[in-house]
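Trainee: Curious how this folds, go ahead:
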Amino acid sequence: MGVRIVADSTSDIDPALVRGLGLEILPLVINIDGRSYLDAEEIDVSRVYEAIREGTVPKTAQIPYGRAYGLFKSLLEESSDVIYIAFSGEMSSCYAMCSMIAEELRGDYPERKLAVVDSGGGSGAAGLIVLQALKMANADWPFETVLSEIEFMTAHIEHVFSVDDLEWLAKGGRIPRVVGFLGSRLGFHPILEVEKGRMVVRRMVRGRANTLRAVADEIIRRAEKFPSQLISITHADDLPAAKKLESFIMEALPKCSVTLCHIGGVLGVHIGLKGIGAFCLNERPEHYSFA
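Mentor: Purely as a prediction, here's the structure:
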């Protein structure tokens, strides 16, 4: 009964924060050396990172259709209303596929409510949205109120991140090879964000220390109107960098709190080892539960 929250495995969340809150996760697929694995179920993030270190370029695929259909159907059958917070529809077909499934199931369960929301991004940004939605669902807020809060957060969430190895992006076909080669040789790191659901490069910074400072400065600026929030930092196997980024942010925003976690397998595949990101809201939601 009540509202159930569904996320997918591109949402990066500290497991301790969602334990006991009834979160359902739909796994995307990771392909390594001709074998397919359900992300975070049949393969853990440490194995994905290991493959990357070995020079393998894993591939990813969307949530299996039957897995999404089966989960939505089972939740509706237990008389729950359902909200799925999806990875960016501009970067994956998961949102489009699950929207079609939802449309089909609405006809079979007209008394239930089922919404599929495009988070506009992923990683720690989606994680923050999922956490707020879970808090509200567990406090028995009405479906429409929870959905409205989610939609507000998707419109006001900020993504700022960087990658350590431009050549890794080039290997995956995400930037031209010559750009990856020259950028890596010159020690440049891109400062990226998400705009209209797509990753965009805002500027290039030379040196790892300067990159962390640049990411922190952007988040500090964007969180200025809401300094007492929970900020998410995610990293691809670089906890010292994440801790350094946390110290920069906490120094400037002492009223905030910070959660740290690994970037999951699917997004780790796309950005490579030592990628790092920070995520915040630029405005306070009406029913915010973390401050």
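
Trainee: what are the ranges of the strands in the stretch 151-291 of the chain?
Mentor: Listed in chain order, the strands of the stretch 151-291 of the chain (DSSP state E, counting those that start in this stretch) span 157-162, 188-195, 198-206, 230-235, 257-262, 276-281.

Trainee: For those, state which one has the densest average packing.
Mentor: Of all the strands of the stretch 151-291 of the chain, strand 276-281 has the most neighbours on average by mean count of other Cβ atoms under 10 Å, namely a mean of 28. Yep, even glycine has a C-beta here, placed from its N, CA and C like the rest.

Trainee: What strands flank that one, and is each parallel or antiparallel?
Mentor: Take DSSP bridges as the rule and strand 276-281 pairs in its sheet with strand 157-162 (antiparallel), strand 230-235 (antiparallel).

Trainee: what does the last one contact?
Mentor: What it means is strand 230-235. Strand 230-235 is contacted by residues 12, 123-125, 127-128, 131, 161, 219, 223, 241-242, 245-246, 249, 253, 256-263, 274-280, 290-291 when judged by Cβ atoms under 8 Å, 6 or more residues apart in numbering.

Trainee: Same question for the first one.
Mentor: Taking Cβ under 8 Å, 6+ apart as the criterion, the residues outside strand 157-162 that touch it are 119-121, 123, 125, 128-129, 189-194, 205, 211, 214-215, 218-219, 222-223, 234, 271, 275-282.

Trainee: Next one: the nearest residue to residue 223 once chain neighbours are set aside relative to residue 224, how far apart?
Mentor: Once flanking residues are discounted, residue 223 sits nearest to residue 280: 4.3 Å by Cβ to Cβ, 6 or more residues apart in numbering. Applying Cβ to Cβ, to the nearest Å, the value for residue 280 to residue 224 is 10 Å.

Trainee: Tell me which of the strands of the stretch 151-291 of the chain sits nearest to residue 52.
Mentor: Residue 52 lies closest, by Cβ to Cβ, to one member of the strands of the stretch 151-291 of the chain: strand 257-262, at 13.0 Å.

Trainee: Taking strand 230-235 as reference, get the angle to that closest one.
Mentor: Strand 257-262 runs at 20 degrees relative to strand 230-235, counting by axes from the mean of the first three to the mean of the last three Cα atoms, to 10 degrees.

Trainee: What pairs with strand 257-262, parallel or antiparallel?
Mentor: Partner strands and pairing direction for strand 257-262 (DSSP bridges) are strand 230-235 (parallel).

Trainee: Would you mind writing the CA trace of the strand it pairs with as CSV?
Mentor: Extracted in CSV, the C-alpha atoms of strand 230-235 (Å, rounded to 0.1, in the frame of the first residue of the first chain):
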residue,chain,number,x,y,z
LEU,A,230,22.5,17.5,1.8
ILE,A,231,25.1,17.5,-0.9
SER,A,232,26.2,14.4,-2.7
ILE,A,233,29.8,13.6,-3.8
THR,A,234,30.4,10.5,-5.9
HIS,A,235,33.7,9.1,-7.1
